[in-house]
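**Q** quick one, what's the 3D model for this:
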Amino acid sequence: MSTVLTRPPEAPAAVEPSPAIPPAERRKAGRLSYVAHQAARAGWKSLAVVLFLTLWEVGPLYLASASTRVFLPPLHEVLAAGARLVEAGQLQSHLQASLTRSVSGFGIAVVTAVALGLLIAWYGWLNSFLNPLLELFRNTATLALLPVFTLLLGIGEESKITIVAYAAFFPVLLNTIAGVRTVDPLLIRAAKSLGLNSFRLFQKVILPSAVPTIFTGIRMAGTSSILVLIAAEMVGAKAGLGYLIVNSQMSFLIPDMYAGILTVSVLGLAVNALLVALERHFSRWRTAVGSTS
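**A** Numbering: from 1, shown residues only. You can find the predicted model right below:
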């Protein structure tokens, strides 16, 4: 019987273990990746604005005639005019006048509209009584009432604050009513079963649930208040961004006019960003609940 000689199996080659990445470096790499991702998203979102501003700069210089450039100056001339207005202190004074009026009217509208909206949504008889009147005024153009406010309140600050409050009132009111009516009835019944009185029910259940819808109306009202105020300042005012725009146009200071328009746009963006931040702050409980589910 023959014997078969076999070679002993070779030992596998030793594999060197990969060096472990320290936790600090992993966290740093994760932060860098997150920052790069956010930067890419911000760059993509702002690309359209950058292209528009580039076209504004290049178009009047190379794509338009000389006569068109008089009425549509390039962006650098507008920015230079804005810088001159800032150095002279004019832009700050006009901006302060507009902000004072808009904040006053907007604040009055938010307080009264939220309070009235909660009452109308909670008491059906009050809704049936006031709804026809509210529908009448809601469908009346705000600027159509500007002569009425001017005749009754004069050309001073009262008429402008009142028309801003009127313009901002209805978006907040309607969204407050909608927000209260969309609260889950199970939450209301559960709160009542726990013995909460009406005030605590509003404070703990209804108002927090309605906050996102209310803030939608507040954001709409913020935009409306600025637009209506600018139009009101164009008609009868001696200060404000609207007065700056129309006075520059009548004085043929076209770059100053565009500087005022650009300031209004930046102001609108800033107001919207502030309201979004406030909405996130007051709606944090919804995020917390969603993250735990």
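
**Q** chain center to stretch 60-69: distance?
**A** Stretch 60-69 sits 34 Å away from the centroid of its parent chain (Cα atoms, centre = their mean, to the nearest Å).

**Q** run through the residues that contact residue 238.
**A** Residues counted as contacts of residue 238 (Cβ atoms under 8 Å, 6 or more residues apart in numbering): none. (C-beta placed from N, C-alpha, C; glycine too.)

**Q** helix, strand, or coil at it?
**A** Per DSSP: H, G, I helix; E, B strand; the rest coil, the local secondary structure of residue 238 is coil.

**Q** what's the distance between residue 224 and residue 257?
**A** 23 Å (Cβ to Cβ, to the nearest Å).

**Q** where in the protein is the helix or strand with the lowest mean pLDDT?
**A** In the chain, the helix or strand scored least confidently by mean pLDDT, DSSP states H and E is helix 284-292, which has a mean of 52.

**Q** so after the longest helix belonging to the chain, what's the next helix or strand?
**A** In the chain, with assignment by DSSP state H, the single longest helix is helix 90-122. Downstream of helix 90-122, the first helix or strand assigned by DSSP states H and E is helix 124-138.

**Q** packing partners for that next one?
**A** If contacts are counted by 3 or more Cβ pairs under 8 Å, 6 or more residues apart in numbering; DSSP states H and E, helix 124-138 sits against helix 90-122, helix 157-181.

**Q** between helix 90-122 and the last one, find me the angle.
**A** When you say that, I think you mean helix 157-181. Counting by axes from the mean of the first three to the mean of the last three Cα atoms, to 10 degrees, helix 157-181 lies at 40 degrees to helix 90-122.

**Q** per-residue confidence at residue 273?
**A** We have a pLDDT of 86 for residue 273.

**Q** domains for the chain, by residue range?
**A** The chain breaks down by the TED database into domains covering 26-70, 73-283.

**Q** got a pLDDT number for the residue nearest to residue 181 when sequence neighbours are not counted?
**A** In space, residue 181 comes closest to residue 121 once its chain neighbours are excluded; the distance is 5.4 Å by Cβ to Cβ, 6 or more residues apart in numbering. Per-residue confidence at residue 121 stands at 83 (pLDDT).
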